[in-house]
Structures are given as structure tokens and as C-alpha cells.
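# I need the structure of the sequence given here:
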Amino acid sequence: MVENLIVASRDYTRDGYDLVEIKSGVYCSPGMFYDSSTGLFFQDDGFSTIYPTDSSLLLDQGIASADAELTS
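Predicted coordinates for the structure are as follows:
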């Protein structure tokens, strides 16, 4: 589960934590779950819902419309 979002260099490490780069256009916030097979973050541990599910909210936040199609 995502605990926090930070800005760091690619070589930054922190003991006891897995750090994952958030790719451009991918929505992520604390409390979400990371699916390493897709590189996406989901609201539930079953990887079925990307938040927000309203595509107009995604576009308002500057997230690519292609990502809006991935919402469940």
C-alpha cells in the first residue's frame, strides 16, 4: 500500500521500503495499491478500481485521457 509520495533521485533508497517510480500520466495517492505487472495504482487490493473513476476528474488533473479508459 502506498504510504507516502516523495520526490527523490532515481538512486534514492530507504531501508524497509520499496520505492516505485510513478510514470507520467499515472494517478497515485496514499492508500492506493501498486500492481507491479501493470505499473498502475488501484484503490483496492484486488486491482479493480483506479480512482477517480470519473474521467472528467482525471482530465481536470492533467492525466492523459488514455488512463481514463483504464478505470473500472
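
# From here on, just use CA atoms for contacts and neighbour counts.
Noted.

# roughly how far apart are the closest residue to residue 27 other than its chain neighbours and residue 34?
Nearest residue to residue 27 in three dimensions, chain neighbours excluded: residue 41, at 6.8 Å (CA to CA, 6 or more residues apart in numbering). Using CA to CA, to the nearest Å, residue 41 is found at 4 Å from residue 34.

# Of those two, which one has the most company?
residue 41 (26 against 19; other CA atoms under 10 Å).

# and the more buried one, that's in a strand?
Yes. Applying DSSP: H, G, I helix; E, B strand; the rest coil, one finds residue 41 inside a strand.

# Same question for residue 20, what's its three-state structure.
Assignment for residue 20 (three-state DSSP): coil.

# how much space is there between it and residue 31?
In terms of CA to CA, residue 20 sits 14 Å off from residue 31.

# Please enumerate the helices of the protein.
Ranges of helices within the chain are 55-60, 65-68, based on DSSP state H.

# hey, least reliable of those helices by pLDDT?
Lowest mean pLDDT of the helices of the chain: helix 65-68, a mean of 44.
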